[in-house]
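Q: Sharing a model that was predicted from the sequence below.
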Amino acid sequence: MSAIVNVRDVHKKFGENEVLRGVSFEIERGQVVAIIGQSGSGKSTALRCMDHLETINSGSISVCGHELGTGTVNLRELRKDVGIVFQSYNLFPHLTVLQNIMLALKHVRKLSREECSRKAQYVLEKVGLAEKAESYPEQLSGGQQQRVAIARSLAMEPKVMLFDEVTSALDPQLTGEVLRVIEDLAKGGMTMVLVTHEMSFARRIADKVIYMYQGMVWETGGPEILTNPQTRELQEFIGTGL
Ligand code: ADP
Ligand code: MG
């Protein structure tokens, strides 16, 4: 069995602060993995290491066949395979929705203008925003902007998508529309890693849950660990209602 993501005994320090202390996990193709845990437990750092936005101090990470250890990494090839979406949408305000998506395609995929436009239209339809192609980001709600950011990532046809608390900046009524897009991707078989505070969402769509505590994988298992946690730390975390 070949995992699409293999994280082995990863250590990561910022100065003297060791924020990942021997993190290991595997993700199979098509799996949806939710990473949960207190603020500061290393969730974002773990995710960022998987896209080589942070380099690790020791251990190994393999993502879609890319080895993200201490050696050199072909970032262009990695970016083709791994998409990442953040809490902030980072859309270019002076470009239309369609242009925002096309720009990324042009740079990473080196496709013709027609091909970029076609693909951009296609992914906008997927996130339910085909009619907003000519709008500018400021004309959209936060939820719509986040869906554009997801579409932009999706346009690259990644094999793995990483989501870092993508609904945290949104009002509750806008969260649902973004979660629905993510759920559709999950149903379509996308391999995904979600750092999330949305416990009921994680319980519903995750195949696997990783609870991080102080830079370690403290408890991991199926979504049932959210209703039946084995460690005192996860019990307390869930008890806080986060
Ligand atoms: P989480 O996403 O679980 O809230 P993070 O991975 O963002 O946690 O952060 C884990 C720890 O690493 C925190 O103590 C944070 O302050 C620290 N940290 C994160 N990024 C940096 C950075 N770029 N420089 C220094 N410290 C950082
Ligand atoms: Mg974080």
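A: That came through, no problem. Ligands and ions are numbered 1, 2, ... in the order given.

Q: Residue 116: neighbour count?
A: Using other Cβ atoms under 10 Å, residue 116 has 22 other residues around it. Yep, even glycine has a C-beta here, placed from its N, CA and C like the rest.

Q: for residue 44, that is, sorry about that
A: 19.

Q: For it, which non-adjacent residue is closest in space?
A: Take residue 44 and drop its neighbours on the chain: the residue closest to it by Cβ to Cβ, 6 or more residues apart in numbering is residue 164, 5.5 Å away.

Q: gap between the one you found and residue 35?
A: According to Cβ to Cβ, to the nearest Å, residue 164 stands 9 Å off from residue 35.

Q: Now for those two: what residues contact both?
A: By Cβ atoms under 8 Å, 6 or more residues apart in numbering, residue 164 and residue 35 have these common neighbours: 43, 47, 195.

Q: Against ligand 1, how distant is the residue nearest to residue 44?
A: 7 Å (Cβ to the nearest ligand atom, to the nearest Å).

Q: what about residue 164 and residue 35, which has more around it?
A: Neighbour comparison, residue 164 and residue 35: the larger count goes to residue 35, with 28 against 21 (by other Cβ under 10 Å).

Q: Could you report the neighbour count for residue 39?
A: Neighbours of residue 39 under the rule other Cβ under 10 Å: 9.

Q: Test for you: state the pLDDT assigned to it.
A: Predicted confidence (pLDDT) at residue 39: the value is 96.

Q: Residue 242 now?
A: Value listed for residue 242 in the pLDDT field: 48.

Q: Residue 1 now?
A: Residue 1 is given a pLDDT of 56.

Q: cool, and residue 70?
A: pLDDT recorded at residue 70 is 76.

Q: Residue 109 too?
A: Predicted confidence (pLDDT) for residue 109: 83.

Q: Name the nearest residue to it, ignoring sequence neighbours.
A: residue 156 (6.6 Å).

Q: neighbours around that neighbour, how many?
A: Residue 156 has 20 neighbours, counted by other Cβ under 10 Å.

Q: before we move on, what about the one 4 residues further on?
A: Around residue 160 sit 22 other residues, with neighbours defined as other Cβ under 10 Å.

Q: With residue 80 instead?
A: Residue 80, neighbours per other Cβ under 10 Å, totals 17.

Q: Could you report the separation of it from residue 114?
A: Distance from residue 80 to residue 114, by Cβ to Cβ: 20 Å.

Q: What of residue 132?
A: With distances taken as Cβ to Cβ, residue 132 is found 21 Å from residue 114.

Q: Same question for residue 214.
A: 51 Å.

Q: same thing with residue 78?
A: Computed with Cβ to Cβ, the distance linking residue 78 and residue 114 is 27 Å.
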